[in-house]
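Enquirer: pasting the sequence and the predicted coordinates here, then a few questions.
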Amino acid sequence: MVPQPFPRHIVDVAPSVGSTIWRYSDSFGLADPEAAEARLGLGEGGTPLMPGMGDLLLKVEFVNPTLSFKDRGAAVVVAHAIEQGAERLVCDSSGNAGTAVAAYSARAGVPCTVYVPAATSNAKTLQAEAHGAYVVRVDGDRAAAADAAEEAVGRGEGFYASHVWESSFLAGTKTFAFEVWEQLGRRAPERLVLPVGNGTLVLGAWLGFEELRLAGLVDEVPPITAVQAVGCAPIVAHATGRHFDPAPTIADGIAIAAPPRVAEIADAVADSAGEFMTVDDVEIADARRRLAEVGWYVEPTGAVAVAAAGQLGDRGGTTVVPLCGAGLKWPGP
Ligand SMILES: Cc1ncc(COP(=O)(O)O)c(C=O)c1O
């Protein structure tokens, strides 16, 4: 075999400056967004919106710098913390948010401690530790990790860069909506199908489209179908009155037994004229396998919305579904 010569084409391609979340930074509520981007930007946002899975349009969020959509919010919450004078950051997480905050803290040169539930996958904690974060495994569940972080903040161990409580995190995740709107040619999709645990994506998407509506750029916030795992569906229970027996789920990113913003999430979904759905682990694993078979490798939580969207039937119009987290974050097959 003789190696083929290199292909030589004349290209006229501008460098990819300006395709990150910082295009929208005037809406982040930061005092100096340009300084923030220069200090801690890692290239977050600007993710592709892809056909290739039936009628769905997939927003490939796992190509964000730390491999999940949480980078959108983490970049802004860390920027906000630094503007507030923070010299150390504390957060709690089921994995991805903590990893994202760890990365932006590292980029900004600010130490960070991440409290995680004891069962968090090594793939996620190793990633956070690689960014220099001090990871504390807390005996107990996700709520126990949150309690430990709050206690640490109470002891003066740092600024609470919480994706749950800090509204600056939602200022970052709302860019998901702005990008979808732009990528569809400045219009809203007919529906969004989103996984929900603590609600940073659902609330961010709602907030983004609501801001577009207030600016007269869309008529309405598109209906949001918010999806939980059958074994951990407190928001669906709150919104519908249905009872669910708690059970373990492979969708660890949304296994939040008592989300503090439960009422706001229910209100946002109702305001969008959306609905709630649940999917079980068999359906999640099946959606994950189907995605991998056509080239997208996601963690189980990243397949939740695809599993649900497949059950909606043909409702016409455009359905946007995010692929939130990369498959390598999951320790299992
Ligand atoms: C991959 C992935 N998808 C979705 C979610 C859900 O985000 P939220 O808990 O903010 O609703 C998470 C949260 O950690 C996640 O890691």
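Expert: That came through, no problem.
Enquirer: can you list the domains in the protein?
Expert: 49-69+168-329, 71-166 (automatic domain parsing).
Enquirer: so what does the spatially most central residue of the chain have for phi and psi?
Expert: Centroid-nearest residue in the chain, with C-alpha atoms, centre = their mean: residue 69, separated by 3.5 Å. The phi/psi pair for residue 69 (degrees, to the nearest 10) reads phi -70, psi -20.
Enquirer: same deal with residue 100?
Expert: According to degrees, to the nearest 10, residue 100 has phi -70, psi -50.
Enquirer: measure it to residue 107 for me?
Expert: Residue 100 is 11 Å from residue 107, where distance means C-beta to C-beta, to the nearest Å. (Glycine included, C-beta is placed from N, CA and C.)
Enquirer: neighbour-wise, which of the two wins?
Expert: Using other C-beta atoms under 10 Å, the more surrounded residue of residue 100 and residue 107 is residue 100, with 36 against 16.
Enquirer: what sits against the more buried one?
Expert: Residues in contact with residue 100 (C-beta atoms under 8 Å, 6 or more residues apart in numbering) are 66, 68, 70, 71, 73, 74, 75.
Enquirer: close to the ligand: what parts of the stretch 1-150 of the chain are there?
Expert: 68, 94, 96, 97 (C-beta under 6 Å from any ligand atom).
Enquirer: cutoff 5 Å now
Expert: Neighbours of the ligand within the stretch 1-150 of the chain, by C-beta under 5 Å from any ligand atom: residue 96.
Enquirer: how close does whichever residue of the stretch 1-150 of the chain sits closest to the ligand sit to residue 325?
Expert: Nearest residue of the stretch 1-150 of the chain to the ligand (C-beta to the nearest ligand atom) works out as residue 96 at 3.6 Å. Note on residue 96: its distance to residue 325, by C-beta to C-beta, is 6 Å.
Enquirer: please enumerate the shared neighbours of those two.
Expert: Joint contacts of residue 96 and residue 325 (C-beta under 8 Å, 6+ apart) are 67, 68, 253.
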